[in-house]
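K.L.:
can you look at this prediction? I've put the sequence above it.
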Amino acid sequence: MVQVALLCAIVGLPRSTFVVDIDTDRSVAHLKKDIKDENTVDVLCDARELRLFLAKKDGAWLRDDGDLDRLIQTQGILDGMEEMRASWRLRKPSLFGTGVLLGKKVVHVLVMLPPTMPGPRSEPTTVGNAHSASQLVLSMFDKLSRLLWEIFSRLPILQRDTITVGGLTIPFAPTMWKDSSLDKFWKVFRECYSDADLAAGAVIALPEETFILGNDLLGSHIYIRHCYPQLWNTCLDTFECTRHLVILGSPGIGETYFCYLILLYLARDGKTVVYETGRRKMRILFSGELVIQGSRSDFDKILDLCETFYIVDGMKPQDYKAKTILVTSPRHEIRFEFHKFDCGSFYMPVWTEEEIFQCRELMYSDRPVNDVKECFRKWGGIARYVLRYATDQDQQKSLDEAIGKVDLKALIKSHGKLSGDDKLISHRILHYRVNDDFTEQGYTFASDYVLDIIYQQLYEHNRAKLVAFLDASRGFDLYAVIRGRVFERYVHSVLPQGGNFRVRRLTVGPKHITAGVNEGERKVKRAVVDEDTKTVHLPKLKNVVFERDEQVTSADLATYLRPKASNFESVDAMATPNILFQVTCARVHPCKRKGLCRVLDLLGKPAEPRLYFVVPPDIFDDFRYQAYQHNERKKQKDEDNIVEKLEQFVMEVSYAHEIPRIKEAEGEDPMKKKVKKVQDNVTREKCGLVSE
């Protein structure tokens, strides 16, 4: 999504320009509603009666200058301007697209009031009004009656002009109002759902003509993600020691719908809640049967009650005594100030494949299964693009557009400060990795599809930056997974080309017994005995990415075999007839016996199998023998016999392998100095001149 600021003007009404901030992902119908909300004095009709025109003629926007007031009162001002259909998305290229070409000091939208509506503020409507005076009088009475009905229907059913919540009485301000559709929504939340209805994987379906927050644009269904109940319980536990919480997650994974579920939990518990959202620019007070909407400055005293819950969706909250939950995408300007307070932080994970297809079956059954699979393969667990926009080609193209624009500089810049404003990085290229307790592990690529394309672009067009990134990113925990996955792709590019590589055999000596920490305790250990570093030559290998076992069993000699599946067990590649490769940037990387046995079976159980742990230069000297893991508690004797034959080695893939090719292919690259520095560092490390 991209937010744009649209300058609007009302036709026939001088001095009527105003700005509407809106996401281009929304429709013209949404824009009509926002225009009415911004102009409650000038726009007295229903938002659906407004006609909107693109303020552009012959490709040029209407200038916001001294002639504007005269022009918008001139007959024929709309001639040649395109009327915007309610169903159109604002991102449509012929409308506002990405917002890049909106220009400055120009009007973007002209608003045409219905011809039966009298001009606001007693100004004459001189454009498009061919009705007689009698028709105007009748129209005025009709509109006035509708306006009065709208006003009175919103008035609170309260004693006199006050509101009482939790023993606190406050005035009913002119900026407050009631909405019967919102009342209906809250009544359903308070009365209609049991614990069984709120189970993970269920769908909350509101009754007919009842909508979330009383807004038909928000729909009437909430899918309960598997993480929602546990995340809510974690929030409640955390409130024992802090009154501020922030929940972060990649845009499009259901943060806003988690807010709605929080409202449901609190409604059932009879809590007082103030809900605030950046999109609607207002607050809503829920307390018992009481439901009142207000401005962003209303309900301050109620928010200073410790028992109040303050739920904020996608905007910077104010500091109150209320229990505050901010739910937002990782936008630095929103969460930074909030984090200054005593604040707990949790992260929402992206969707699993199981959640995607369960939700598709329950709510998006019209989306073809193959389309959803393909979207998940590309986007990863971002439900907005995998489900909602599965068949929207414009939205699907946006991923490839983002990948085409990303570079290593942007990737490095995102370290530690992912920003939702930088859409290319935050939710299309990188995702948070989240632990079971909703803490953050760092970042990873959205999918193998994203990683493969980004890597290929760098490898083919700017290898110097690729090499510099691999060297510069070591030692940063947040980069660990990203670096590991890029290094793995780098290894798959280097090894099939052949060459000389430093290796060292990893061995483990006989068992010996040592004293334990406690008296009488004994530990069985093995002495690690590593051999001297040697050089091994790999011939040029035929590069094959395999999907089926038969491709391995029938492979020719001197073939480099890489599994297409990212979850292939125990190894990352094989080389016929007897070599296994496991790529890692970590000093500890145990392999599973069962997976190793399966791979050796595919290779025909070679007599002298070798397992190479392929590592970057910074951990080669310190890498030690790796233990094997059993898949089950009971050891399998045949597995032990097979694995015992497997010799372990550590192999260094130095960045220097690529540097000569970079110079040859790219000549005098702007990164030349940086590459030389990397090469010098590698050389110094080999000579033992650099200590970690």
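P.N.:
Great, that's in hand.
K.L.:
rest of the way, CA atoms for contacts and neighbours
P.N.:
Fine.
K.L.:
which stretches of this protein have low pLDDT?
P.N.:
1, 98, 100, 116-160, 332-341, 407-426, 509-531, 631-642, 658-692 (pLDDT under 70).
K.L.:
now the residue nearest to the spatial centre of it: how far from R360?
P.N.:
Computing the C-alpha centroid of the chain and ranking residues by Cα atoms, centre = their mean puts S250 first, at 2.1 Å. The gap separating S250 from R360 is 20 Å, by Cα to Cα, to the nearest Å.
K.L.:
cool, and H492?
P.N.:
When Cα to Cα is the yardstick, H492 and R360 sit 36 Å from each other.
K.L.:
do the same with G380
P.N.:
Relative to R360, G380 is positioned 15 Å away (Cα to Cα).
K.L.:
what's the answer for I35, then?
P.N.:
From I35 to R360 the distance is 34 Å (Cα to Cα).
K.L.:
so which residues of the stretch 1-150 of the chain form helices?
P.N.:
Using DSSP state H, counting those that start in this stretch, the helices found in the stretch 1-150 of the chain span residues 28-38, 68-71, 133-154.
K.L.:
per-domain residue ranges of this protein.
P.N.:
Domain assignment for the chain by automatic domain parsing gives 3-138, 167-347, 353-461, 498-653.
K.L.:
and R474, which of these is closest to it?
P.N.:
Nearest to R474, of all these, is domain 498-653, at 8.1 Å by Cα to Cα.
K.L.:
so how far is that closest one off the chain centroid?
P.N.:
36 Å (Cα atoms, centre = their mean, to the nearest Å).
K.L.:
quick one: end-to-end distance for that domain.
P.N.:
11 Å.
K.L.:
E240 in helix, strand or coil?
P.N.:
Recorded secondary structure, E240: coil (DSSP: H, G, I helix; E, B strand; the rest coil).
K.L.:
separation between it and D197?
P.N.:
27 Å.
K.L.:
neighbour count winner among these two?
P.N.:
The neighbour comparison of E240 against D197 (other Cα atoms under 10 Å) goes to D197, with 14 against 8.
K.L.:
mind listing what that one touches?
P.N.:
By Cα atoms under 8 Å, 6 or more residues apart in numbering, the residues touching D197 are V203, I204.
K.L.:
burial count for the closest residue to I204 other than its chain neighbours?
P.N.:
Excluding its sequence neighbours, the residue lying closest to I204 (Cα to Cα, 6 or more residues apart in numbering) is I222, at 5.0 Å. A total of 20 residues lie near I222 under the criterion other Cα under 10 Å.
K.L.:
I222 belongs to a strand?
P.N.:
Yes: assessed with three-state DSSP, I222 lies in a strand.
K.L.:
isn't it up against A205?
P.N.:
Yes: between I222 and A205 there is a contact under Cα atoms under 8 Å: 6.8 Å.
K.L.:
for the stretch 551-692 of the chain, what spans make up the strands?
P.N.:
In the stretch 551-692 of the chain, the strands defined using DSSP state E, counting those that start in this stretch lie at 559-563, 573-575, 579-583, 591-592, 610-615, 628-629, 647-652.
K.L.:
distance check, the residue nearest to the centre of the chain against N435.
P.N.:
The spacing between S250 and N435, counted by Cα to Cα, is 15 Å.
K.L.:
kindly report the same for E38.
P.N.:
From E38 to N435 the distance is 43 Å (Cα to Cα).
K.L.:
likewise for D179?
P.N.:
From D179 across to N435, the span is 41 Å (Cα to Cα).
K.L.:
try K316
P.N.:
26 Å.
K.L.:
in terms of neighbours, single out the busier of those two.
P.N.:
Neighbour totals were compared for K316 and N435, and K316 leads with 20 against 14 (other Cα under 10 Å).
K.L.:
can you tell me the number of residues neighbouring D319?
P.N.:
Neighbours of D319 (other Cα under 10 Å): 14.
K.L.:
and for R190?
P.N.:
There are 18 residues near R190, going by other Cα under 10 Å.
K.L.:
so which residues of the stretch 201-350 of the chain form strands?
P.N.:
203-205, 221-223, 244-248, 273-277, 282-287, 290-294, 309-313, 323-328, 344-347.
K.L.:
out of the ones you listed, nearest to D371?
P.N.:
With respect to D371, and counting by Cα to Cα, the nearest of the strands of the stretch 201-350 of the chain is strand 221-223 at 20.3 Å.
K.L.:
parallel or antiparallel, list what pairs with that closest one.
P.N.:
Partner strands for strand 221-223, per DSSP bridges, with pairing direction: strand 203-205 (antiparallel).
K.L.:
so who does the closest residue to V588 other than its chain neighbours touch?
P.N.:
Spatial nearest neighbour of V588, excluding adjacent residues (Cα to Cα, 6+ apart): Q626 at 6.9 Å. Neighbour list for Q626: V588, H589, P590, C591 [criterion: Cα under 8 Å, 6+ apart].
K.L.:
in TSV, list the residues you listed along with distance to R280.
P.N.:
Formatted as TSV, the contacts of Q626 follow (distance: Cα to Cα, whole Å):
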residue	distance to R280
V588	50
H589	50
P590	52
C591	52
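K.L.:
counting neighbours, what do you get for the residue nearest to T272 when sequence neighbours are not counted?
P.N.:
Nearest residue to T272, sequence neighbours excluded (Cα to Cα, 6+ apart): S287, at 4.4 Å. When neighbours are counted by other Cα under 10 Å, S287 registers 20.
K.L.:
hmm, V28 and R91 touching each other?
P.N.:
No: R91 is beyond contact range of V28, at 10.0 Å (criterion: Cα under 8 Å).
K.L.:
how close does F239 get to C343?
P.N.:
Noted for F239: a distance of 10 Å to C343, by Cα to Cα.
K.L.:
over to F53?
P.N.:
When F53 is compared with C343 (using Cα to Cα), they lie 46 Å apart.
K.L.:
quick one, what contacts the residue nearest to the centre of the chain?
P.N.:
S329, P330, M348, V350, I382, S426, H427, H431, Y432.
K.L.:
who wins for neighbours among these?
P.N.:
Within the contacts of S250, S329 tops the neighbour count with 28 neighbours, counted by other Cα under 10 Å.
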